[in-house]
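**Q** Provided below are the primary sequence and the corresponding predicted coordinates.
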Amino acid sequence: MGPIIVVVELQNDAMSPATGELLTRARQLAPARSTRVVALGFGEAARASLAASGADDAVLVLGADAYVPTRAEAALRQVMHDTSAGLVLLANTTMGMDLGAASAAAEGRPMVAYVTSLAAAEGGAFTATSQVYAGKLVAEVAVPEGSVVTVLPGSWPAEETVGSGTPVRDLAVPSESAMELVRTIEPDTGDVDITRADVLVSVGRGIQDPDNLELADELAEALGAVVSCSRPVVDAGWLPRARQVGKSGQTVKPKLYLALGISGAPEHLQGMKDSEIIVAVNSDPAAPIFEVAHYGATCDILELMPLLTERLGEAG
Amino acid sequence: MRIAVLVKDVPDLVEELELDESGRGLAVDDLSYVPSEWDDQALEEALLLKEASGAHVSAVALDTGDIDNMLYAALAKGADRAVKLVGDYDRTMPGRQRARILADYLAGAGYDLIMTGVQAVDDLDGQIAGLLGGMLGWPHASVVRDVALGADASGAVGFVQEYAGGRMAEFRSATPLVLGVQAAKKPPRYVPIARIRQVSRSATLEEVEAGAPTSESLLAIERLYRPEAQGHATMWEGDAAEVAAALMALLDEQHLRS
């Protein structure tokens, strides 16, 4: 079969951890299908990461230092086409969501999203499991040759790569594009940096009303903690974006993550599952948050927060 | 500026998801359905654009069953038009099939901007916005917020795209354009059921005969199952007072009290 294409993403000019995971699995799968791994990166900043990717070959898209979805998609499609790609792996990030479905549809290939495991299959190309229905169900899917697959970051460990021996070929793609970058916007860390807190009191939809945030603030103060939240709280305008944990927010690893009224959508878990101790309180005993939490309870968070604040005050 | 907002309903995750006898699909008739939350965000963003710039907003849905109320709700919220694509459709249709039918309709419908939710809880075979972008050959972006019309004199559309770690980028694009919306500038507006009922008595849904489902690039689901717990939380039973006591003990044990 054709090569396994891995789309390389950078984070602070180094290869992102999610890309390392994709390359790891690609290198494991390629021998079983007698094929090679091709890493695809964008812009000069990716050159060193591509050379050290451990892939058999790498393609660097010239003039793509700033990410523009339409240009990146054109480059990926060209590489898929030129190499008769047997499998395309992307992380389920913004770039993966931009390029995955669009490239699959444009090239007439199947697409599998939200993948958490991927293996060579008997009688077929590959088999995958995907998280669907906000992590409440898992779908086991046959992945035909030629598929485009987006993988949830953190689904399996990345192996260290060695050396810098991957040959990098430059690729020029037309620079005209219907879409153009106006400016990049760096994160507003606001008044606090939630990635530096030892203890996070993190609230989700279960907080119900912005007035109840005061209960979380008081608890955080008593605990010497910082208040963070899941995406719906930010989208409702109740807390600033700097407080958001998850795929489109911050990745945190505090000593204690107290998840209050957070159900645990995959996008949220992605940002907090490596916390040292996770305590989750949610009224739904089947909530996915309990799969990653160390301790859990289903009591009313609106009763628990003031009670805990009071006990902490008493214990002084 | 003519905007189409693509809306659909999805199983209500508050309820237990029952599987069908094959173990490869949901028991769709036993489930209750709610509008996909990200589509609600897309609709709200489109309505805010209408209010700010006078865009014409159409809500478009595939008639997979019992979707009229969702379209009437869109009209009650302020959409100018509601289009129901009718055909031999049902709720088991995978996203790829839905996308092809939508793409065939949208290709000739004269819209400038297609907005839909960035994802849905059931889009195993690709997010609708990306699939449409690829099928139509139109520019497309996902995880989008802060859409703005009239970004320049050429009628380009402006938007902001979100990345991990809180980074963002602002883009401007020619139309036609497909955007997968993450969040609207304001929380989706609420309309009382009485208002939706009132609209349903006076407004009409425009029915458009659309294409038949195709078997293009469909996935074979071999099994659908509840996740096997890799590790499950140790559950603290009891009321808030008992849980507070357990938490206090944990804080002490871990030396986590300030």
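**A** Happy to help now that I have it. Residues are numbered from 1 along each chain as shown, chains lettered A, B, ... in the order given.

**Q** nearest spatial neighbour of residue A:25, chain-adjacent residues omitted?
**A** residue A:118 (5.8 Å; CB to CB, 6 or more residues apart in numbering or on different chains). For glycine as for every other residue, the C-beta is placed from the backbone atoms N, C-alpha and C.

**Q** from the contact counts, what lies against the helix or strand harbouring the one you found?
**A** Using DSSP states H and E, residue A:118 falls within strand A:111-120. Applying 3 or more CB pairs under 8 Å, 6 or more residues apart in numbering or on different chains; DSSP states H and E, one finds that strand A:111-120 contacts helix A:17-29, helix A:94-106, strand A:126-132, strand A:137-143, strand A:147-151.

**Q** turn these into a markdown table, columns for mean neighbour count and distance to residue A:85.
**A** Formatted as a markdown table, the helices and strands packed on strand A:111-120 follow (neighbours: other CB atoms under 10 Å in any protein chain shown; distance: least, CB to CB, whole Å):
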| stretch | mean neighbour count | distance to residue A:85 |
| --- | --- | --- |
| helix A:17-29 | 22 | 11 |
| helix A:94-106 | 29 | 10 |
| strand A:126-132 | 23 | 13 |
| strand A:137-143 | 22 | 13 |
| strand A:147-151 | 28 | 9 |
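
**Q** relative to chain B, how far out is the residue nearest to residue A:25?
**A** 14 Å (CB to the nearest CB, to the nearest Å).

**Q** same check, this time on residue A:160
**A** On the measure of CB to the nearest CB, residue A:160 and chain B end up 22 Å apart.

**Q** tell me the secondary structure of that residue, please.
**A** Three-state call for residue A:160 (DSSP: H, G, I helix; E, B strand; the rest coil): coil.

**Q** next: residue A:257.
**A** Applying three-state DSSP: residue A:257 is strand.

**Q** measure it to residue A:264 for me?
**A** 11 Å (CB to CB, to the nearest Å).

**Q** of those two, which one has the most company?
**A** Neighbour count, other CB atoms under 10 Å in any protein chain shown: between residue A:257 and residue A:264, residue A:257 has more, with 29 against 26.

**Q** center of the chain, which residue is that?
**A** In the absence of a named chain, chain A is used. residue A:153 (4.2 Å; CA atoms, centre = their mean).

**Q** meant chain B, my bad for not saying
**A** Short answer for chain B (CA atoms, centre = their mean): residue B:39, at 3.0 Å.

**Q** what about that residue, which SS state?
**A** Applying three-state DSSP: residue B:39 is helix.

**Q** quick check: phi and psi on residue B:220?
**A** Here is the backbone geometry of residue B:220 (degrees, to the nearest 10): phi -100, psi 110.

**Q** what sits against it?
**A** By CB atoms under 8 Å, 6 or more residues apart in numbering or on different chains, the contact set of residue B:220 is A:141-142.

**Q** swap the cut-off to 10 Å and go again
**A** Counting by CB atoms under 10 Å, 6 or more residues apart in numbering or on different chains, residue B:220 touches A:110, A:124, A:140-144, B:24.

**Q** ok, what's across the strand from it?
**A** residue A:142 (DSSP bridges).

**Q** mind putting the helices and strands packed on strand A:111-120 in JSON lines, mean pLDDT and distance to residue B:118 included?
**A** Compiled in JSON lines, those are given as follows (pLDDT from 0 to 100; distance: least, CB to CB, whole Å):
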{"stretch": "helix A:17-29", "mean pLDDT": "95", "distance to residue B:118": "18"}
{"stretch": "helix A:94-106", "mean pLDDT": "97", "distance to residue B:118": "7"}
{"stretch": "strand A:126-132", "mean pLDDT": "95", "distance to residue B:118": "16"}
{"stretch": "strand A:137-143", "mean pLDDT": "95", "distance to residue B:118": "20"}
{"stretch": "strand A:147-151", "mean pLDDT": "97", "distance to residue B:118": "13"}
